[in-house]
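> Just a sequence and a predicted model for now, questions to come.
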Amino acid sequence: MMPLRWLVLASLLAMPLSLALAQPQNGEARLPEVVITGERLPRLDEAASQFLITPEDIQLLPPARPGNILRVVPGFVTIDHSGGGVKADQYLLRGFDADHGTDVAFFMDGMPINIRSHAHGQGYADLNFVIPEALQEIETYKGPYYVEFGDFATAGVANFITREVVDENLAEVTFGTFNSQRYLTLLSPTKGAVRSFIALEGFLTDGPYDNPNDYYRFNGLAKLTMNPMADSELTITASHYRGDSNASGQIPLRAVDEGLIDRFGSIDPSEGGTTQRTTGRLRFRWDARPGGTAFANMYLQNYQLDLFSNFTFFLNNPVNGDGIEQNDDRYIYGGHVGYRQAGRVLGIDSAATIGFQARIDDGQVRLGTQQERQRLGTTTSIDLFQASYSPYLKLEFQPLSWMRFVGGVRSDVYQFDVRDRCPDDCPERPEGDTSDHIVNWKANLILGPWFGTELFLNYGTGFHSNDTRAVVSDPGINPLPRARGYEAGVRTRQFERIEFSAAFWLLYLDSELVFVGDEGVTEASDATRRMGFEVGTKIKLLDWLVLRADVTPTTAEFRGSGDAVPLAPRFTASGDLTARLPFGLTSSLQLLHVGERYLTEDRSVTSQPFTVLNLITRFRLPYKIGPGHLEPFLIVQNLTNTNYRQAQFFFDSRLRDEPAPVADVHFTPGAPFGVLGGIGFLF
């Protein structure tokens, strides 16, 4: 718990320190700070399904799991996969149960978050190192239509963009049910020639579980932005995250129905783990000539995870149980450099961007057996080296005032290298090296606006890489299976108070073969086809009252047999009714619905649908307390105390006293009614 204590101390010290910086020193008078702001240029979207999450959206979301920010995006659902704790969320989007990130690409300020050939599964993306209030915005994209994004960007992309400064410093404390506490500090000591930003967060909770989570996380972020020359900008960012917890795991439905445990109980209370992520990144932009911009983004990450799980209990080992331990310790480094030139070509407004991305994963990955977190043996242990090199060309044309074209081509070259380092007689010993490459094309046509309406036509191919251990073990495996996506959409604002968007999309994936980290084996599947609609609206009912709603029906099936893709979302809906009153009160009632999903290919077993309501209210007091304002807030989660299941699976397991395996639904329980309340001091 020591990192959390440090954070609490830092939070208490940060406020007077910042106040001191704002006061005259040594009798010197300080002139009032002059802040010059400019109007932000409108964002030119390339598809009707693009979505921007704003600071106003972020402010009105529960902070316990940072990934839940993404639930604002139509059709994007995040789910607790393990019964609380440090494990990454499960992501549902566009007919994909993308597990922990296999088909959704995540970035922070352009730095990749997904981890290739991870100990727990391909594309693992843990968002617990995100501090929601430290974000300026989140850009989200769906489909493989965007030249800048490569690996994992098949169903969609989310890019978390951090702030340069905060207008007001913030010190905030939160307390709530299940022994929950949160401490948050946001500071901008300087806002002039050097713009600085510091964010600190500490969070801990026991959760509603019979075996307390004892979960804590510590997050720290520091960012400096400066202009070495009038036409350039340099940004240096560093962050550190550490988390530790127990977890209740995925529990069998029969154990709850028979009264062996309640829905917040656990079969193996030793599940959980610890993880940390330290990052450093540098961004440089130079406006080299009229219409031209050169840019370079570099990053270095150190990532570690020790995860203890038990999914099948006593299915494979009736004596010691089926507990597994997954260890990942690696460095990830790389960058993105390029040049964009805008101008007129043959009288047509045009722009061209040429860029190059490189990434290297270098580390050690291990899978072993354990009982109550005591090691029993090793299944696989490897040295991993995986590299990718990705040049691309992006073209933008506007031949007519009502017509835009954005598209291009990218090539991705991959190297896979695995060295066996298992000290014992391991049952799995992957080793070898290979390489592969793939070329993908993107084309987006935007027509309009006419009467406040734009039409979008999109096409693109993309891919997700497969696990290095699988690729070097079986030459028949396609390392880079291709995805092909199509979309037609409309976005309109014909009336001042109503916004509406709709999109129809198709997505084909050549293969969904993935490495299953929980078992240490590879599983192959046939090619798949997904299709669906997205419909969303935002209505300004009154000057201070806004209604937002969306629905996303989806189908996902294997192209050869027509069987269902297990776990794929079939229908989601979300919405909120938000009041922003002029005297400082903001309140939002939020709804999330996840419909029934097929848990088996033959559609014989389905998941339990659920609907959850949350209520969040913040009130900024209109008068000052000393140098700043107080902002109390209240968060009510699961307002109706709905008894529901979050992550849901169907597979064989065996309890200690059962004579044979049992095929059953296994799930993590949804959080019950809970209250978080606190107060922020803005100064």
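On my side now, so go ahead. Numbering: from 1, shown residues only.
> Count the residues that sit near the spatially closest residue to residue 363 that is not a sequence neighbour.
Computed as C-beta to C-beta, 6 or more residues apart in numbering, the closest residue to residue 363 that is not its neighbour in sequence is residue 330, at 2.3 Å. For glycine as for every other residue, the C-beta is placed from the backbone atoms N, C-alpha and C. Residue 330 is flanked by 23 other residues according to other C-beta atoms under 10 Å.
> Would you indicate which residues of the helix or strand residue 330 falls within are buried?
Element membership of residue 330 [criterion: DSSP states H and E] is strand 324-345. Residues of strand 324-345 classed as buried by neighbour count (16 or more other C-beta atoms under 10 Å): 324-328, 330, 332, 334-336, 338-341.
> Show me the strands paired with it, marking each as parallel or antiparallel.
Strand pairing for strand 324-345, using DSSP bridges, gives strand 292-309 (antiparallel), strand 348-371 (antiparallel).
> then that strand to CSV, C-alphas only?
Taking Å, rounded to 0.1, in the frame of the first residue of the first chain, the C-alpha atoms of strand 324-345 are listed here in CSV:
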residue,chain,number,x,y,z
ILE,A,324,-2.2,-20.7,-13.8
GLU,A,325,0.4,-17.9,-13.5
GLN,A,326,1.1,-15.6,-16.4
ASN,A,327,4.2,-13.3,-16.3
ASP,A,328,5.1,-10.6,-18.8
ASP,A,329,8.2,-8.3,-18.5
ARG,A,330,9.1,-6.3,-21.6
TYR,A,331,10.3,-3.1,-23.1
ILE,A,332,8.3,-1.5,-26.0
TYR,A,333,9.8,1.2,-28.0
GLY,A,334,9.4,2.9,-31.4
GLY,A,335,8.1,5.9,-33.1
HIS,A,336,6.1,7.7,-35.8
VAL,A,337,7.7,10.2,-38.1
GLY,A,338,6.3,12.0,-41.2
TYR,A,339,5.7,15.0,-43.3
ARG,A,340,2.4,16.6,-44.4
GLN,A,341,2.2,19.1,-47.3
ALA,A,342,-1.1,20.9,-48.0
GLY,A,343,-1.7,23.2,-51.0
ARG,A,344,-3.4,23.3,-54.4
VAL,A,345,-2.7,20.8,-57.2
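> My guess is residue 632 contacts residue 682. True?
No. Residue 632 is beyond contact range of residue 682, at 11.8 Å (criterion: C-beta atoms under 8 Å).
> neighbour-wise, which of those two wins?
Comparing residue 632 with residue 682 by other C-beta under 10 Å, the one with more neighbours is residue 682, at 20 against 13.
> what's near enough to touch that one?
For residue 682, the contact set (C-beta atoms under 8 Å, 6 or more residues apart in numbering) comprises 168, 169, 170, 620, 628, 629, 630, 631.
> Now, those residues that are in strands?
Using DSSP state E, 170, 629, 630, 631 are the members of the contacts of residue 682 that sit in strands.
> Could you identify which of those residues has the most neighbours?
Most surrounded of these: other C-beta under 10 Å gives residue 170, at 22 neighbours.
> could you measure that residue against residue 130, distance?
17 Å (C-beta to C-beta, to the nearest Å).
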